[in-house]
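**Student:** Sequence and predicted structure are below.
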Amino acid sequence: MELEQLLNSITADNKKAVAVAAAEDEEVIESVKQAYERGIASFLLVGNAEKINFLLQQHHLEQTMDLQVIDASPDQAALEAVKLVSRGQADILMKGMIPTSNLLKAVLHKEAGFRTGKILSHVAAFEVPGYERLIFVTDSGMNINPDLQQKAQIIENAAWIAKGVGVEMPKVAVLAAVETVNPSMQATLDASALTVMNKRGQISNCVVEGPFALDNAISPEAAEHKGISGEVAGHADILLVPAIETGNALYKSLIYFSGAKVGAVVAGARAPIVLTSRADSAESKLFSIALAVKTLQHKNT
């Protein structure tokens, strides 16, 4: 599936509402316009009403029942958007022109937030030129150096997103520098343990194997050449990175070296969070909205 196909597969009869925190941003409004005109979501735009309305006028948009502006100060925009989700007035939270730390602080707010007991983790769906399916990378933006139990939860978060876009039993490759267990390399020890945990049912709704070097996780030829077998070898849907440095480098390499398209969300809370970078294009923000909406539509079917 391509990301454009993902967009086209969203049904308008099960529309989701997106609360955007600090929506007064050109790229955010452009992505909102595209999503709104495609009918894939309604929007509650929280922030500086004067600036938001100016941007809406620039994009030839008017306020409607499906496109509302809620005035809030810079200090309150994140919390007000989070409250909309917590009260059930919105289904998805989206980051606008606001630091990530401010948004997450509101999500974790003891009274108004909507965190569960699970870890929050970043899941990115990439459409890579020449690659036949979406590839999911996790976690490249939230958890710095996750331990074994955190990695297990990160896998389950990513599997939930992948299943939401139609991957019935996601294949998870636990990445390391090598494909053999080395006691001196913690990533390989964790990969081996995660494989066992999956086989014993401690990690569900996916198939987990590892350790894998990147080549034999995604290339059947590389896996065969190295004599690596199994359900995941060469056919991974999800790449679990060992730490944030690896994930960040892989994420940006796919975009800048490969020209990949991407949509990304944060999973693990009671609602998906569209947490894109300020530097991300309107197209990436649109694909991220679509990824969140599609995941929730699948959950409700």
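**Tutor:** Perfect, thanks for sending it.
**Student:** For the nearest residue to Lys285 once chain neighbours are set aside, list the residues it contacts.
**Tutor:** Distances taken as Cβ to Cβ, 6 or more residues apart in numbering place Ser31 nearest to Lys285, at 3.6 Å, with adjacent residues excluded. For every residue, glycine as well, the C-beta is placed using N, CA and C. By Cβ atoms under 8 Å, 6 or more residues apart in numbering, the contact list for Ser31 reads Ala282, Glu283, Lys285, Leu286, Ile289.
**Student:** go again using 10 Å as the cut-off
**Tutor:** Residues in contact with Ser31 (Cβ atoms under 10 Å, 6 or more residues apart in numbering) are 20, 25, 94, 274, 276, 280-290.
**Student:** Quick check: the two most widely separated of the residues you listed?
**Tutor:** Longest distance between any two of the contacts of Ser31 is 18.6 Å, between Asp25 and Ala290; criterion Cβ to Cβ.
**Student:** Compare neighbour counts for the two and give me the winner.
**Tutor:** Ala290 (28 against 22; other Cβ atoms under 10 Å).
**Student:** Give me the nearest residue to that one, chain neighbours excluded.
**Tutor:** Nearest to Ala290 is Leu7, by Cβ to Cβ, 6+ apart, at 4.8 Å.
**Student:** what bits of the stretch 151-300 of the chain have low per-residue confidence?
**Tutor:** In the predicted model, the stretch 151-300 of the chain carries pLDDT under 70 at residues 299-300.
**Student:** nope, the stretch 1-150 of the chain is what I meant
**Tutor:** For the stretch 1-150 of the chain, the ranges with pLDDT under 70 are 1.
**Student:** For it, just list every one of the strands.
**Tutor:** Listed in chain order, the strands of the stretch 1-150 of the chain (DSSP state E, counting those that start in this stretch) span 16-21, 41-47, 67-71, 92-95, 121-127, 135-138.
**Student:** try the stretch 151-300 of the chain
**Tutor:** Going by DSSP E, counting those that start in this stretch, the stretch 151-300 of the chain shows strands at 171-175, 207-212, 238-240, 261-267, 273-274.
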